[in-house]
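Q: Just to be clear, the model below is a prediction. Sequence and coordinates:
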Amino acid sequence: MKLGIVGLPNVGKSTLFNAITKAGAEAANYPFCTIEPNVGVVTVPDERLKVLHEMYHSKKTVYTTIEFYDIAGLVKGASKGEGLGNKFLGHIREVEAIVHVVRCFEDPNVVHVDGQIDPLSDIETINLELILSDMEVLERRIQKTTKNLKGDKTLQKELDLLKKIHEFLSSGKSARAMELTEDEAEFVKSLDLLSYKPIIYAANVAEDEAGSGDENEYVKAVRGFAETEGSDTVMICAKIEAEISELDDDEKTMFLEELGIAESGLDKLVKSSYHLLDLISFLTAGEPEVRAWTIKRGTKAPGAAGKIHTDFEKGFIRAETIAYDKLIECGGNLATAKEKGLIRSEGKEYVVQDGDVMHFLFNV
């Protein structure tokens, strides 16, 4: 999974990236200090793997991972080549979802590119550049489809939808805010529009508001806007994330408790990205290794097997499956789980659930 972290200059974007990936991208108080997108790979926290590891005394534990791309700060006019322009837009095209860091803190020592703190204006600036870029893509597609329509009248429906999307974007709204049928949504997805990508707004608050930032008027404004387009909002404090990135797990837990923060910004971003992209994890467990595998919600058993190896999918016979909670109830003892009838034999039509512990039988 690839997530692109974007934001106007000086909103805390690179500080957050450094904190959650410990990758050391340069964070400076001026625009364009991050020219190429730095890439950091982080493991997805999953307590279930720790429990299974201890239960099976596994030699190896493999967590699923997320790649975070720190994409250079954007300015108005990017769609016309201003600032890093096309490079910025090209980097966004490569990610599956966007984390848009929005400044929701006051600090006279950190300049704002527009001279004042206004999160909705910041959101509009970036969204507008993505929309303008998408409109150019659509205009070219409309021209091509109009030309081809002369020889193929079946393209009329496609042309109508392209014009409908273009008109919607012209109103200043992102494609992700459109109400679409299932077929229309599939078509729009195929267009690879930047403003259709799922987005998480990361409201970056000051340290003294990290535990109670829900009262922050800037955060409320961001959350309200996000709801209008079906996006998620996560409240984070990049400075605190930077501090806890230097601590071990026990120290991190104590530090967060002292601040009255339930979970780290990274944990919030991971949960939000799984929710937005409609992802779940199934597990495999044994002495050689315990491992989490990420799949789309609704994936059937053979597709999940194929995540491990293509041969597993090709020669799929069945999947021996038990829910994680049920396995824990049995102390990880599969024989006990079998006696209680908790291990199910699932076929090709079984839809995998989050937390399923699975063993695949196949024949190639």
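A: Cool, the structure landed. Residues are numbered from 1 along each chain as shown.
Q: drop to CA atoms for contacts and neighbour counts, all remaining ones
A: OK.
Q: Which positions in stretch 354-364 come out as buried?
A: 354-360, 362 (16 or more other CA atoms under 10 Å).
Q: May I have it as PDB, with CA atoms only?
A: Provided in PDB are the C-alpha atoms of stretch 354-364 (Å, rounded to 0.1, in the frame of the first residue of the first chain):
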ATOM      1  CA  ASP A 354     -10.600  -9.800   9.000                       C
ATOM      2  CA  GLY A 355      -8.600 -11.800  11.600                       C
ATOM      3  CA  ASP A 356      -9.200 -15.200   9.900                       C
ATOM      4  CA  VAL A 357      -6.300 -17.600  10.700                       C
ATOM      5  CA  MET A 358      -6.000 -19.700   7.500                       C
ATOM      6  CA  HIS A 359      -4.200 -22.800   6.200                       C
ATOM      7  CA  PHE A 360      -4.600 -23.400   2.500                       C
ATOM      8  CA  LEU A 361      -4.700 -26.800   0.900                       C
ATOM      9  CA  PHE A 362      -3.800 -26.900  -2.800                       C
ATOM     10  CA  ASN A 363      -2.700 -29.200  -5.600                       C
ATOM     11  CA  VAL A 364      -0.800 -28.000  -8.700                       C
END
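Q: what does it rub up against?
A: Contacts to stretch 354-364, defined as CA atoms under 8 Å, 6 or more residues apart in numbering, come from residues 280-285, 305, 311-324.
Q: Please, which helix or strand holds residue 122?
A: Under DSSP states H and E, the secondary-structure element containing residue 122 is helix 119-149.
Q: So what's the gap between whichever helix or strand comes after that helix and the chain middle?
A: Sequence-wise, the next helix or strand downstream of helix 119-149 (DSSP H and E) is helix 156-170. Here helix 156-170 is found 27 Å from its chain centre; the criterion is CA atoms, centre = their mean, to the nearest Å.
Q: ok so, going back, show me what the helix holding residue 122 is packed against.
A: Counting contacts by 3 or more CA pairs under 8 Å, 6 or more residues apart in numbering; DSSP states H and E, helix 119-149 is packed against strand 97-103, helix 156-170, helix 217-228.
Q: how about those in JSON lines, adding mean pLDDT and distance to residue 65?
A: What follows is the helices and strands packed on helix 119-149, written out as JSON lines (pLDDT from 0 to 100; distance: least, CA to CA, whole Å):
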{"stretch": "strand 97-103", "mean pLDDT": "93", "distance to residue 65": "15"}
{"stretch": "helix 156-170", "mean pLDDT": "95", "distance to residue 65": "34"}
{"stretch": "helix 217-228", "mean pLDDT": "93", "distance to residue 65": "26"}
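Q: of all those, which lies closest to residue 128?
A: Taking CA to CA as the criterion, helix 156-170 is the member of the helices and strands packed on helix 119-149 that comes nearest to residue 128, at 9.1 Å.
Q: ok, and what's touching whatever helix or strand comes next after the closest one?
A: Using DSSP H and E, the helix or strand that directly follows helix 156-170 along the chain is helix 182-190. For helix 182-190, the external contacting residues (CA under 8 Å, 6+ apart) are 161, 196.
Q: Which parts of the helix or strand that comes right after helix 182-190 count as buried, going by neighbours?
A: Following helix 182-190 in sequence order, the next helix or strand is strand 199-204 (DSSP H and E). Across strand 199-204, burial judged by 16+ other CA under 10 Å covers 199-204.
Q: Cool, thanks, signing off.
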